[in-house]
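> below are the sequence and a predicted model for it; my questions follow.
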Amino acid sequence: MSSAADPVNPLRDPQDRRLPRIAGPSGLVIFGVTGDLSRKKLMPAVYDLANRGLLPPGFSLVGFARRDWEHEDFAQVVHDAVREHARTPFREEVWQQLAEGMRFVPGVFDDDAAFQRLRSTVEELDKSRGTGGNFAFYLSVPPKFFPTVVAQLKRHGLSSGETGQWRRAVIEKPFGHDLASARELNQVVHEVFRPSEVFRIDHYLGKETVQNILALRFANTMFEPLWNRSYVDHVQITMAEDIGIGGRAGYYDGIGSARDVIQNHLLQLLALTAMEEPASFHAKALVTEKLKVLNAVRLPADLATHTVRGQYAAGWQGGRKVPGYLDEEGIDSESTTDTFAAVKLEIDNRRWAGVPFYLRTGKRLGRRVTEIAVVFQRAPHSPFGTTDTQELGQNALVIRVQPDEGVTIRFGSKVPGTQMEIRDVTMDFAYGESFTESSPEAYERLILDVLLGDANLFPRHQEVERSWEILDPVEEHWARYGRPEQYPAGTWGPRAADEMLARDGRSWRRP
Amino acid sequence: MNIDLTDTTSSQINTALVNARRASGSPAVGMVLTLVVVTDEGNHYDALKAAGEASKEHPSRILVVVRRPGRSPRDRALARLDAEVRLGGGGAGAGETVLLRLHGELASHAYSVVLPLLLPDAPVVVWWPEDAPENPAGDLLGKLAQRRITDAAATEDPVRTLALRSETYAPGDTDLSWTRITPWRSVLASALDQKHTTISGAEVEGEEYNPSTELLAMWLTERLRVPVRRVTSVGPGITAVRLATVDGEICLDRAHGSLAELAVPGQPDRHVALHRRTTAELIAEELRRLDPDEAYEQAVRLGVHRLAEPRQGGRGRGEDVEAGGSSGGSDDSGETDQSGESGESASSDEGSEAPR
């Protein structure tokens, strides 16, 4: 972390905006380096960062896993992963720069000898690569191993460096499965790492489109005046997947879509959409505002009518016959795990009172899409006849998070012809059209931010705990009453979800 | 989709653009800027290719102004505009491309053709891949633009050109020989991030006829306030930068044009990838920010005369001499990656018509 006390670098000039932010001397240690996430996202992201010249000279990558590998075997695995998944073209010289700093430490998490080896590897890297004692530990392992790993890091003196050095922990979701377990987990991690040195990855926040929500709202004048209960009728936040649970049965069963998606991604999107303007674009100011709005979130009194859960049944999804959730391999045929969840939330503040936020997520839905739709109220009075505006819906502003990132505005327009007929049209801003062909992957940005110590895009533990506080009553209600309703795969969820909105006189957007 | 228009006007070209867009079913205009490339028949191919590549990152309307003033008095008296409209997809990049051939007298009135074709409200960037006007900001086309890109490395006498650029600098000017050194500058800056020390002198070693060497030296002089020496080497491009400190020398050495070695006293030697970028990558970097580049201003304004005379020789690299010799011509644009393109640009140089 650079502070004002640091000596000034004469080659840096705030006006010289071509020079990118390069992380200081540092290394990244990945636990569970043989996993899918590591091969498909982390390794390619590290290479892409190096290729863009954003990693410091001497950056080192250490893999830790239960494999009988030499450093070279590890480098080969990374090489293959990079070849297959990296976004930017492969360059031999970039690879050479990276490969020199690759180390592998074989071992299991409760093996003291392995952590001793990790420690000597880290010390060796400080000497041979100049990593300066700065290391980030990426825990790409199931949460049940967190306590062991962090305890081992502490026991072997890896969790804190000397003065002026940093040690950071990076953890992936799930951050617990309810408030109590989240608190426990936070406690375990915070005992070893200071809260400000713990980075929780919510890869959605690394996406350009999500960062753009703040730009859209706070850098412009034309949206913010409408962004309140006087103009907004309701907000729909959707994250739909077309895939089933795939090979994640062990993880997914018993967790379900609400815990998997609503608790983190959707509530974060809600916070960014609904929060007040932060005093500045710094981590602290952002967290203050996000927390403030999350604290104002209120569940409806009647959870039975305002929450819905579903489970996909066999059906046809995009031209392919797919099995139902209960028929998936490794799933108990009596399972009540939700693969679809929808909740209605209210925000008790002056800006949003009376404006419902509908959150829904699900697997095996119509198509893969994540979007935030701000639906506006109808015009209070229309000088046109009702037949003229029959086809006119509500105005809407839709932030398309993925795929096909962009923003759509829907409004009414006159149909050409002699009659006055008004129909919905859309105005579209597509990221791909106006900006880079391939914008950086979320993980590139997030890894770089970890190395730079910039916590803007990481949910803090207070946010995580507050999110569980919101979701827990829903889960408890579901556990007590009924079962999830079945919905055919490839549709937009159970009928109850439509009824839930119909009761309020509204309907879901077809994304 | 290609539309050829012979003996046409700007308004007919505009109509063709709108029709073409409508025909392809995508009437939304997502383009973020207009890039005007001023070139001649011989060089437009390479320039257009680079601009097309860059437009994948910055969807833009590319207007290529090809000037054909003609040689005979009869040709010169004529004034004709031919245009070729290329839309979307394929090699043309992500936007629209219009190739404008300005015959005869019209060649000196490019402004009148370009003005009606600019995207409404969007920024304008003018790029002269070879010979730029003496005062880019005073040029009629240059006046339209927020950003004027020149390339000192492509001129006959790069160092003299740099001196000229410093005299005529106006906010919005930039030069590709400056863009080429961004990776060098960022590695040097991050090396000093890691090592806080006082620097007593510096040395930049690079190929002759490579204005990037001078610019890097001027930037270091300006930032560090120490004398900076230039040393001539056989290249390619810049080969080394050495900063003298009390503990010894910080040295960034790139002998072969891709992988550099960074030596910092008290720290282990490390390798840094510093590959030489293509023109398309340089243009893409230029288009990323359209505000005046103060760092460039300060560096170029320092003036070449403030640098000490270059020292010949440098450290001997026998095996490189031949490679350096073959690419030593003045059309070698310094740092540009010429993989696969060198043959083309060489032949097109011969076929070029002098614009003036």
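Done, it's in. All values derive from a computational prediction rather than experimental measurement.

> please list the residues outside stretch A:15-23 that contact it.
A:12, A:52-56, A:59, A:448, A:451-452, B:182, B:185-186, B:189-190, B:193, B:285, B:289, B:291, B:293-295 (Cβ atoms under 8 Å, 6 or more residues apart in numbering or on different chains). For every residue, glycine as well, the C-beta is placed using N, CA and C.

> can you confirm residue A:104 is in a strand?
Yes. Counting by DSSP: H, G, I helix; E, B strand; the rest coil, residue A:104 is part of a strand.

> next, the buried residues of the longest helix seen in chain A.
If you go by DSSP state H, chain A has its longest helix at helix A:461-480. Within helix A:461-480, the residues that qualify as buried are A:461-472, A:474-475, A:477-478, counting by 16 or more other Cβ atoms under 10 Å in any protein chain shown.

> and these, which is closest to chain B?
Nearest to chain B among the buried residues of helix A:461-480 is residue A:461, at 30.1 Å by Cβ to the nearest Cβ.

> test my guess that the closest one contacts residue A:196.
No. Contact criterion Cβ atoms under 8 Å: residue A:461 and residue A:196 do not qualify, at 10.4 Å.

> pLDDT weak spots in the stretch 251-356 of chain B?
Residue ranges of the stretch 251-356 of chain B with pLDDT under 70: B:309-356.

> tell me the domain boundaries of the chain?
In the absence of a named chain, chain A is used. A:27-172, A:206-502 (automatic domain parsing).

> actually, chain B is the one I wanted.
B:2-175, B:182-326.

> out of these, which comes closest to residue A:65?
Proximity to residue A:65 (Cβ to Cβ) singles out domain B:182-326 among those, at 25.8 Å.

> quick one, strands of chain B?
For chain B, the strands defined by DSSP state E cover B:2-5, B:33-39, B:60-68, B:79-87, B:96-104, B:124-127, B:147-150, B:173-175, B:199-207, B:228-233, B:238-245, B:248-253, B:259-263, B:270-273.

> now swap in the stretch 401-511 of chain A and tell me
A:406-414, A:422-430, A:485-488 (DSSP state E, counting those that start in this stretch).

> and the ones you listed as a markdown table, adding mean pLDDT and distance to residue B:261?
Below are the strands of the stretch 401-511 of chain A laid out as a markdown table (pLDDT from 0 to 100; distance: least, Cβ to Cβ, whole Å):
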| stretch | mean pLDDT | distance to residue B:261 |
| --- | --- | --- |
| strand A:406-414 | 89 | 44 |
| strand A:422-430 | 83 | 43 |
| strand A:485-488 | 92 | 61 |
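
> deepest in the core, which of those is it.
Neighbour counts (mean count of other Cβ atoms under 10 Å in any protein chain shown) averaged over each of the strands of the stretch 401-511 of chain A peak at strand A:485-488, with a mean of 19.

> low-confidence ranges in the chain?
If you meant another chain, say so; for now it's chain A. For chain A (pLDDT under 70), the answer is A:1-7, A:432-439.

> that's the wrong chain, I wanted chain B
Ranges of chain B meeting pLDDT under 70: B:24-30, B:88-94, B:309-356.

> which residues of it fall in helices?
Going by DSSP H, chain B shows helices at B:10-23, B:44-57, B:73-77, B:110-114, B:140-144, B:158-168, B:176-179, B:182-194, B:211-224, B:279-288, B:294-301, B:321-326, B:342-350.

> how about those helices, which one is nearest residue A:154?
Checking the helices of chain B against residue A:154 by Cβ to Cβ gives helix B:182-194 as the closest, at 27.4 Å.

> just how off-centre is that closest one within its chain?
The chain centroid and the centroid of helix B:182-194 are separated by 22 Å under Cα atoms, centre = their mean, to the nearest Å.

> about what we covered before: dump the strands of chain B to JSON lines, plus distance to residue A:267.
Shown next, in JSON lines, are the strands of chain B (distance: least, Cβ to Cβ, whole Å):
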{"stretch": "strand B:2-5", "distance to residue A:267": "51"}
{"stretch": "strand B:33-39", "distance to residue A:267": "38"}
{"stretch": "strand B:60-68", "distance to residue A:267": "39"}
{"stretch": "strand B:79-87", "distance to residue A:267": "44"}
{"stretch": "strand B:96-104", "distance to residue A:267": "42"}
{"stretch": "strand B:124-127", "distance to residue A:267": "42"}
{"stretch": "strand B:147-150", "distance to residue A:267": "42"}
{"stretch": "strand B:173-175", "distance to residue A:267": "44"}
{"stretch": "strand B:199-207", "distance to residue A:267": "50"}
{"stretch": "strand B:228-233", "distance to residue A:267": "55"}
{"stretch": "strand B:238-245", "distance to residue A:267": "50"}
{"stretch": "strand B:248-253", "distance to residue A:267": "47"}
{"stretch": "strand B:259-263", "distance to residue A:267": "44"}
{"stretch": "strand B:270-273", "distance to residue A:267": "40"}
